[in-house]
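**Q** give me a model of this one.
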Amino acid sequence: QSTVKIDDHGSDLTDRFKYKVNALMGKYDPVQAESDNEMSDGNILQAMLKFPTPYAFNVVGKTNGDEEVSKEYSEKVHQIVSEISGDAELKSHVFPRGKKFTKVTTEAVVESASMITLIYDKLDELECTIMRF
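**A** Below is the predicted model of the structure:
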């Protein structure tokens, strides 16, 4: 990373301009302990939420219209969120989506952005899961 010094020699460069230039150069970037890209939720969630906080996990699974598979899927989602979050008072809602899909929304209190990411990773490992948001 190169260093650029702004020497305005008394010109009328505003502080706002200087802050923008420094921000573009990465001076204010957080120290990265792990990757933070379009595939992770890390820094964005950490900046947006104050932990602990309630969070709604939404997943859609392909259940092919089988009510038994839909029930098993929703129970697995509930179990994963419960085990990782430690929240005993989860609220889960199951919604059929068309004839072949089931949406499960589970609300839990989470302690960190990494906990949210871990839960989504575990939900993604379920065979039926096709979408998580």
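
**Q** can you show me the strands along the protein?
**A** Counting by DSSP state E, one finds strands in the chain at the ranges 53-62, 91-97, 101-110, 129-132.

**Q** okay, the ones you listed, which one's buried deepest?
**A** When the strands of the chain are scored by mean count of other C-beta atoms under 10 Å, the highest mean neighbour count falls to strand 101-110 (a mean of 20). Heads up, the C-betas are built off the backbone N, CA and C, glycines and all.

**Q** and that strand, what does it pack onto?
**A** The contact analysis (3 or more C-beta pairs under 8 Å, 6 or more residues apart in numbering; DSSP states H and E) places strand 101-110 against strand 53-62, helix 67-85, strand 91-97.

**Q** could you dump those to TSV with mean pLDDT?
**A** Output for the helices and strands packed on strand 101-110, formatted as TSV (pLDDT from 0 to 100):
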stretch	mean pLDDT
strand 53-62	96
helix 67-85	96
strand 91-97	94
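
**Q** measure Glu89 to Ser82 for me?
**A** Computed as C-beta to C-beta, to the nearest Å, the Glu89 to Ser82 distance reads 9 Å.
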